[in-house]
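Asker: Sequence first, then the predicted structure:
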Amino acid sequence: MIWESLDAELKAIEAEGLTRRRRIVDSPVAPEMVVDGKPVLAFCSNDYLGLASHPEIAEAMAEGARHWGAGSGASHLVSGHLRPHHQLEEALAAFVMRQRALYFCTGYMANLAVIPALVGRGDAVFADKLNHASLIDAVQLSRADSHRYRHLDLEHLEFLLATSTAPRKLIATDAIFSMDGDAAPLEALYELAEKYDTWLVIDDAHGFGVMGPQGRGSAAAVKLIPSPRVVYMGTLGKAAGVSGAFVAGSAKVLEWLLQKSRTYIFTTASSPAVACALLKSLDLIAAGEARRQHLASLIQRLRDGLAPLCAGRGWQLMDSDTPIQPLVIGGNAAALDLTRALLAQGIWVPAIRPPTVPKGQARLRITLSAAHSAAQVDALVNALATLAAPADGHLAATENLS
Ligand SMILES: *Cc1c(COP(=O)(O)O)cnc(C)c1O
């Protein structure tokens, strides 16, 4: 039977310790959550500003649903482009200081739209090896030739660009890498894009709302030139706390995307209530300097706390000053064991394993939120300190707890 091979493959995944499981959350997204019926302190979400369960955003969504109803009824290009969607697109463009923006139901769909709209068969895409899966899939969908350069390696990128004869070229990069937390050198990438006449597609899923003045994103943070060749994508389910994504850029490029984006044209527009919630979220992001400052202080506190634990253990903090703070453990089983031991202490940190990260680099992916307190970060550091203690180090572990 055709499904018998599934059985064997599922068993193989299980044997490698790579089976993915979901836990059921019984509370709103916040540092303190109820998971599988038990209270936990969570360091898992991408809710960097603590807006996912913000009462004003929830109220804006409820009010939006009362006024506009729950559904949009059709795609944006038929009859589903309601006033709140349009206001949101204008507000997003203004916020990231570009001429025009389009709102998509998810970041995955935004990436699937942009790359196939800009390049096709015979063209070439140059992509950082650690780009998000949605960018990788988007390149496949475009049928352009894929050239992946070593993570952040501009010399490798330039070598590939210089030897390409493709008629149209596109550089695609995460602005902040989702599993490492490090940042792409956007200005240097822009210089290469100018030199070799390429598009530059920036996926700022983890920077929008967090980086730059008023949270305007990673491109604003480095004052990147708003050239038509720069296409900026930000997602709205992470720091913005709701859902969806947008693509922003020059008016002409966005008009082209409106005509060509299959994941904008052939899908039902998201609920207008979501757009209402996002308009409120944008206000809170812009006024969120205190949240961003608190978040920065938590990041420093976590790193200061974890650095001494890494030394003797072979654990490694990555070169990240963003809310994504991976602690690389190594083996799959070791990372999973740590996650389980933390959960036994009421702390939830996900283990990320291959193929999401390279083999031998399984890690705890710690993410911080402005909703965390300093005491909660200390609780995580103390729990890891007890687990880092050598087997005969029970005394040291107990001291760390007190
Ligand atoms: C989360 C993420 C996406 C996908 O965004 P969704 O809105 O969750 O579909 C795209 N790119 C990167 C880098 C991401 O981290």
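Answerer: Ah, there it is. Numbers count the residues shown, from 1 in each chain.
Asker: Name all residues that make contact with whichever residue of the stretch 201-350 of the chain sits closest to the ligand.
Answerer: The ligand sits closest to A205 of the stretch 201-350 of the chain, with a gap of 3.3 Å, by CB to the nearest ligand atom. All C-beta atoms are positioned from the backbone trio N, CA, C, and that covers glycine. With contact set as CB atoms under 8 Å, 6 or more residues apart in numbering, A205 has these partners: N46, G107, H132, D174, A175, I176, S178, M233, G234, T235, K238, A245.
Asker: ok, so what distance separates D378 from the ligand?
Answerer: 28 Å (CB to the nearest ligand atom, to the nearest Å).
Asker: Wait, that residue touches D304, no?
Answerer: No - when contacts are counted by CB atoms under 8 Å, D378 is not listed as touching D304 (10.6 Å).
Asker: Just name the shakiest helix or strand of the chain by mean pLDDT.
Answerer: helix 394-401 (a mean of 37; mean pLDDT, DSSP states H and E).
Asker: isn't Y103 right up against P84?
Answerer: No - checked against CB under 8 Å, the pair Y103 and P84 is beyond contact range at 9.9 Å.
Asker: what do those two both touch?
Answerer: Common neighbours of Y103 and P84 (criterion: CB under 8 Å, 6+ apart): A275.
Asker: How far does stretch 273-290 sit from its chain's centre?
Answerer: Distance, stretch centre to chain centre, for stretch 273-290: 18 Å (CA atoms, centre = their mean, to the nearest Å).
Asker: does the ligand sit close to it?
Answerer: No - shown here: stretch 273-290 not in contact with the ligand (CB under 6 Å from any ligand atom), separated by at least 11.9 Å.
Asker: quick one: average confidence on that stretch?
Answerer: Mean pLDDT, stretch 273-290: 98.
Asker: Residues contacting it, please?
Answerer: For stretch 273-290, contacts defined as CB under 8 Å, 6+ apart pick out 49, 51, 54, 56-65, 67-68, 70, 82, 84-85, 87-88, 91-92, 95, 103, 209, 214-215, 236, 239-244, 370.
Asker: Restricted to strands, list those residues.
Answerer: Y103 (DSSP state E).
Asker: what does this protein put close to the ligand?
Answerer: Neighbours of the ligand within the chain, by CB under 6 Å from any ligand atom: 106-108, 111, 132, 134, 174, 178, 203, 205-206, 235, 237, 245.
Asker: what about the residue nearest to R262 when sequence neighbours are not counted, neighbour count?
Answerer: Residue nearest to R262 in three dimensions, not counting chain neighbours: A113, with 6.7 Å by CB to CB, 6 or more residues apart in numbering. A count of nearby residues for A113, using other CB atoms under 10 Å, gives 26.
Asker: dump the residue contacts of A113.
Answerer: Counted by CB under 8 Å, 6+ apart, A113 has contacts F104, A138, V247, L257, K260, S261, R262, T263, Y264.
Asker: just the buried members of these?
Answerer: F104, A138, V247, L257, S261, T263, Y264 (16 or more other CB atoms under 10 Å).
Asker: My guess is the first one contacts S243. True?
Answerer: Same thing as F104. No - between F104 and S243 there is no contact under CB under 8 Å: 10.2 Å.
Asker: What is the burial count for the closest residue to the ligand within the chain?
Answerer: Of all residues in the chain, the one sitting closest to the ligand is G107 (2.2 Å; CB to the nearest ligand atom). Using other CB under 10 Å, the number of residues around G107 comes to 26.
Asker: from here on, count from 125
Answerer: All right, first residue 125 from here; so that's G231.
Asker: Report pLDDT for it.
Answerer: So, for G231, pLDDT stands at 98.
Asker: what does the one 5 residues further on give?
Answerer: L236 carries a pLDDT score of 98 in this model.
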